[in-house]
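only geometry, no sequence info:
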């Protein structure tokens, strides 16, 4: 086992990477949004009970505690990544550029198509702009003119691309924009983003796929009851995520040939999540689809207008027994299980240990 993600054991002192640079949406955001800047509907992230389990206070993470990126950083003996928008943060061990509500497709597309649910102006393109500004302060512009400076930045850096694209589908739900259109544009955006990083000299890259978004409380709440797969999730929505992931993996295969000097890992969020659902007892989960923090009780304890953190919401006594935290985001217990599946399990291709080995071999 490379590392331990259990609550009782400290991580090993192995520190193959000196920095992590993370990107993505609310599943990866460690504080770039607050209650007054976050996505519509989940606008109380600065209030308890967000953060109650581990930090015992809200940290503007969309969970009761730590996220996958927090467990991954700890596994590599690195501290939690500070949000890019915190000007006082110590960035010596890395930076987190992920933004809750962020999309793969640029924001103007949603404005043009009158998809008003998307009130978050940031996209993966915004995060790339921020990263480029950050790199320029380190003297890295491109490999042609500033090769040494760029090599210095990337030689010991892990690039962690958290899931991105789920919001694009969510914001266009029920509109005239087809999921095929969203998939094509979203995959092109992510492809362009990854290509830019690889051309700058990124050597060690982890790219998360989408989770099975049909298993989220919100999807179950919105979809007709006949639209269910054999696991009890919304079949049409899961198919959408699965198709997206297949297209993303095909692009990563192309990049592996184009950039043989880089190690590109696909983190299979979809199947890591489904494995937990199928083996719920082993992981200690009793509630697969009901939100721990929400309103209304019933099958889902979810009400879009009384979201987690609002005065009318409530939260369950044991979040570790729930997969869903607030109806869209996951509990610390679920993020821990997924992180362990990536780092120690078989849900990274190639394996996470292979990535670390490649880094250690390069010195």
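Received the coordinates, thanks. Keep in mind the model is a prediction, meaning the values are calculated, not measured.

Contacts for the strand or helix carrying residue 336, please.
Assessed by DSSP states H and E, residue 336 sits inside helix 332-343. Identification of contacts with helix 332-343 by C-beta atoms under 8 Å, 6 or more residues apart in numbering yields 2-3, 5, 53-54, 63-68, 70-72, 75, 206, 267, 269, 272-273, 275-276, 283-285, 319-325, 330, 347-348, 352. No exception for glycine: its C-beta is placed from N, CA and C like everyone else's.

Need the residues that contact the worst-scoring helix or strand of the chain on mean pLDDT.
Lowest mean confidence among the helices and strands of the chain (mean pLDDT, DSSP states H and E): helix 107-112, at a mean of 92. With C-beta under 8 Å, 6+ apart as the contact definition, helix 107-112 has outside contacts at 103, 118, 120-123, 126, 171-172, 185.

What about the residue lying closest to residue 217 once chain neighbours are set aside, how many residues nearby?
Take residue 217 and drop its neighbours on the chain: the residue closest to it by C-beta to C-beta, 6 or more residues apart in numbering is residue 327, 4.0 Å away. Neighbours of residue 327 under the rule other C-beta atoms under 10 Å: 27.

Then residue 139?
If you count neighbours by other C-beta under 10 Å, residue 139 ends up with 12.

That one: what secondary structure?
coil (DSSP: H, G, I helix; E, B strand; the rest coil).

roughly how far apart are it and residue 245?
With distances taken as C-beta to C-beta, to the nearest Å, residue 139 is found 36 Å from residue 245.

same question, residue 28
17 Å.

And those two? Which one has more around it.
residue 28 (29 against 22).

The more buried one against residue 96, yeah?
Yes: Residue 28 is within contact range of residue 96, at 6.9 Å (criterion: C-beta atoms under 8 Å).

Need the overlap of contacts for these two.
By C-beta under 8 Å, 6+ apart, residue 28 and residue 96 have these common neighbours: 22, 69.

Tell me where the protein has strands.
Remark: strands assigned in the chain by DSSP state E are 19-23, 94-96, 157-161, 204-208, 263-267, 293-294, 314-315, 348-349.

out of the ones you listed, nearest to residue 236?
Nearest of the strands of the chain to residue 236, taken as C-beta to C-beta: strand 204-208 at 22.0 Å.

quick check: angle from the closest one to strand 263-267?
Counting by axes from the mean of the first three to the mean of the last three C-alpha atoms, to 10 degrees, strand 204-208 lies at 20 degrees to strand 263-267.

Contacts for strand 204-208, please.
Under C-beta under 8 Å, 6+ apart, the answer for strand 204-208 is 17, 24, 27, 68, 72, 157-163, 194, 197-198, 248, 252, 262-267, 269, 342, 348, 352, 355, 358-359.

For the spatially closest residue to residue 266 that is not a sequence neighbour, give its distance to residue 334.
For residue 266, ignoring the flanking residues on the chain, the nearest one in space by C-beta to C-beta, 6+ apart is residue 349 at 4.9 Å. Between residue 349 and residue 334 the computed distance is 21 Å (C-beta to C-beta).

Looking at the two, which is more packed in?
residue 334 (24 against 14).

Quick check: longest helix in this protein by residues?
Using DSSP state H to define each element, the chain has its longest helix at helix 235-258.

That one vs strand 263-267, what angle?
Using the same axes, to 10 degrees: helix 235-258 against strand 263-267 is 170 degrees.

who touches the nearest residue to residue 128 once chain neighbours are set aside in this structure?
If you skip the residues right next to it in sequence, residue 128 has residue 193 as its closest partner in space, 5.4 Å away by C-beta to C-beta, 6+ apart. By C-beta under 8 Å, 6+ apart, the residues touching residue 193 are 23, 124-125, 127-128, 161.

Can I get those in a markdown table including distance to residue 293, neighbour count and pLDDT?
Shown next, in a markdown table, are the contacts of residue 193 (distance: C-beta to C-beta, whole Å; neighbours: other C-beta atoms under 10 Å; pLDDT from 0 to 100):
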| residue | distance to residue 293 | neighbour count | pLDDT |
| --- | --- | --- | --- |
| 23 | 26 | 30 | 98 |
| 124 | 28 | 27 | 97 |
| 125 | 32 | 18 | 97 |
| 127 | 27 | 25 | 98 |
| 128 | 32 | 19 | 98 |
| 161 | 27 | 25 | 98 |
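
number of nearby residues for residue 200?
20.

My guess is it contacts residue 144. True?
No: the pair residue 200 and residue 144 fails to qualify as a contact (C-beta under 8 Å) at a distance of 10.6 Å.
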